[in-house]
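# Whatever this is, show me its structure:
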Amino acid sequence: MSRRPVAPLARRTVLAGGILALAGCGVRLERSAPRIPGIPTQGPPPDGELLLATIDRLNRAATTVGAAASPWGTRLASVHLTQSRKVIEVAASQGVRVPTSAPTLPSTDGATPLAVESEGATPAVVRAIAGAEPAIMPMLLVIAATQAAGSSLLGAPPAADPAPVSGSVANALLTPVRRATYAVEVAIAKTPLAQRTTLRALLTMLYAERSRIEVAAGAKAPAPPTAFSLPVAADTPQRRTQLVQRVLADVVQACGHATGTRDGLGGADGAVGLVRTWGVFLSAAWTAGVAPAAFPGLR
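Model prediction:
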């Protein structure tokens with residue numbers, strides 16, 4: 001008995017069946033794939049615009065600040081170029097189309113290096129960063145902090161009404177800030193009178209920041225100890241310099257640790273306060289001789 005030949009399926013039927021099968025298996029097309037009815041495509045990366053804006057600001061800062069008549073210009077430009085390359089790498093890994101090269105000429109719109117550097121640390125920018133995905137938020141926050149520090153080094157005055165950090169961040173920063181204050185007091189006591197000007201200016205800043213952080217910490221702030229164990233002896237000029245660098249770097253590291261959770265930051269306003277504080281201590285650390293880095297405080 002002979003078999004009846006099976007009629008070939010129409011091409012439209014095969015395609016429709018395949019689409020239904022793919023959809024049923026949860027297949028999702030890549031963002032750049034052509035639209036096929038019945039199969040969802042991936043939406044745009046959630047932080048794509050934020051990453052692109054960051055890259056643009058960093059490239060603009062690197063070229064403009066690098067041309068500044070300041071001893072900090074080339075060092076800040078190097079930091080921002082390194083940051084730009086990292087953000088481009090992260091953006092590309094998320095499917096964001098990024099520029100293939102940085103601009104090679106300074107800004108020609110008349111903006112000063114200080115104004116361009118300050119663009120990356122405005123409250124509006126930091127608030128936008130506070131809403132980013134947790135995986136990239138610390139990276140973007142430290143970039144804003146380096147631009148806050150760069151602005152200070154290029155001559156920006158301190159904020160007239162500085163934003164506070166959250167209570168959680170304040171308690172995380174309180175011990176290293178108190179230790180830094182104590183260390184500078186010790187260094188001053190062991191420094192000849194005629195050589196204390198720079199250290200006294202640093203101590204004035206530390207007193208102000210310690211007071212702000214203690215207020216932000218509130219009732220949870222522990223009582224300050226009468227003394228701290230210092231990581232470096234202060235018995236020679238070289239060791240006093242190393243001591244100051246070390247305790248300031250410890251505060252910068254504590255700022256980086258504080259970026260762990262959005263809730264701990266205290267929301268967008270708390271992020272603004274952290275970036276300002278982080279920038280203040282970065283500026284102090286770099287001025288004291290700590291080598292500028294692209295992502296200080298992050299491991």
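# show me where pLDDT drops low in the stretch 101-250 of the chain?
101-109 (pLDDT under 70).
# would you list every one of the strands in it?
In the stretch 101-250 of the chain, no strands are defined using DSSP state E, counting those that start in this stretch.
# What ranges does it have for its helices?
113-118, 123-130, 137-153, 167-189, 197-217, 237-257 (DSSP state H, counting those that start in this stretch).
# L81: which of those helices is closest?
helix 137-153 (12.1 Å; CB to CB). The C-beta positions use only the backbone N, C-alpha and C, and glycine is treated the same way.
# packing partners for the closest one?
helix 48-66, helix 73-93, helix 113-118, helix 123-130, helix 237-257, helix 267-287 (3 or more CB pairs under 8 Å, 6 or more residues apart in numbering; DSSP states H and E).
# Can you tell me which residue is spatially central in the protein?
The residue lying closest to the centre of the chain (CA atoms, centre = their mean) is V142, at 1.5 Å.
# Now for it: which residues touch it?
Shown in contact with V142 (CB atoms under 8 Å, 6 or more residues apart in numbering): G256, T259, W278, F295, P296, G297, L298.
# How about A68?
Contacts of A68 (CB under 8 Å, 6+ apart): P113, L114, L154.
# do that again at 10 Å, thanks
Contacts for A68 (CB atoms under 10 Å, 6 or more residues apart in numbering) come out as T74, L76, A77, P106, T112, P113, L114, V116, E117, G150, L154, G155.
# What of A219?
Contacts of A219 (CB under 10 Å, 6+ apart): G167.
# can I see the domain layout of this structure?
Domain assignment for the chain, taken from automatic domain parsing, gives 48-153, 167-287.
# Pop out the phi and psi values for the closest residue to K190 other than its chain neighbours.
Nearest residue to K190, sequence neighbours excluded (CB to CB, 6 or more residues apart in numbering): A234, at 5.0 Å. Here is the backbone geometry of A234 (degrees, to the nearest 10): phi -110, psi 40.
# Contacts only, for A234.
A234 sits next to 183-191, 240-244 when contact means CB under 10 Å, 6+ apart.
# on that earlier part again, now the two most distant members of the contacts of A68.
Across the contacts of A68 (CB to CB), the longest gap, 17.7 Å, separates P106 and G155.
# So for these two, which sits in the more crowded spot?
The neighbour comparison of P106 against G155 (other CB atoms under 10 Å) goes to P106, with 17 against 13.
# so how far is S166 from A187?
30 Å (CB to CB, to the nearest Å).
# The closest residue to R179 other than its chain neighbours: neighbouring residues, count only.
Spatially, and ignoring its direct neighbours in sequence, R179 is nearest to F228 (4.6 Å; CB to CB, 6+ apart). Here the number of neighbours of F228 (other CB under 10 Å) works out to 17.
# roughly how far apart are F228 and S152?
Taken as CB to CB, the span from F228 to S152 is 26 Å.
# And L274, by the same measure?
Noted for L274: a distance of 16 Å to S152, by CB to CB.
# and these two? which has more neighbours close in?
A direct count of neighbours by other CB under 10 Å for L274 and S152 places L274 higher, at 30 against 23.
# Go ahead and confirm that one touches P123.
No. Between L274 and P123 there is no contact under CB atoms under 10 Å: 12.0 Å.
# would you list the contacts of A234 in JSON lines and tack on neighbour count and distance to G66?
Shown next, in JSON lines, are the contacts of A234 (neighbours: other CB atoms under 10 Å; distance: CB to CB, whole Å):
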{"residue": "A183", "neighbour count": "23", "distance to G66": "34"}
{"residue": "V184", "neighbour count": "26", "distance to G66": "32"}
{"residue": "E185", "neighbour count": "15", "distance to G66": "37"}
{"residue": "V186", "neighbour count": "18", "distance to G66": "38"}
{"residue": "A187", "neighbour count": "23", "distance to G66": "33"}
{"residue": "I188", "neighbour count": "18", "distance to G66": "35"}
{"residue": "A189", "neighbour count": "10", "distance to G66": "40"}
{"residue": "K190", "neighbour count": "15", "distance to G66": "39"}
{"residue": "T191", "neighbour count": "17", "distance to G66": "35"}
{"residue": "R240", "neighbour count": "22", "distance to G66": "33"}
{"residue": "T241", "neighbour count": "15", "distance to G66": "28"}
{"residue": "Q242", "neighbour count": "17", "distance to G66": "30"}
{"residue": "L243", "neighbour count": "23", "distance to G66": "32"}
{"residue": "V244", "neighbour count": "26", "distance to G66": "28"}
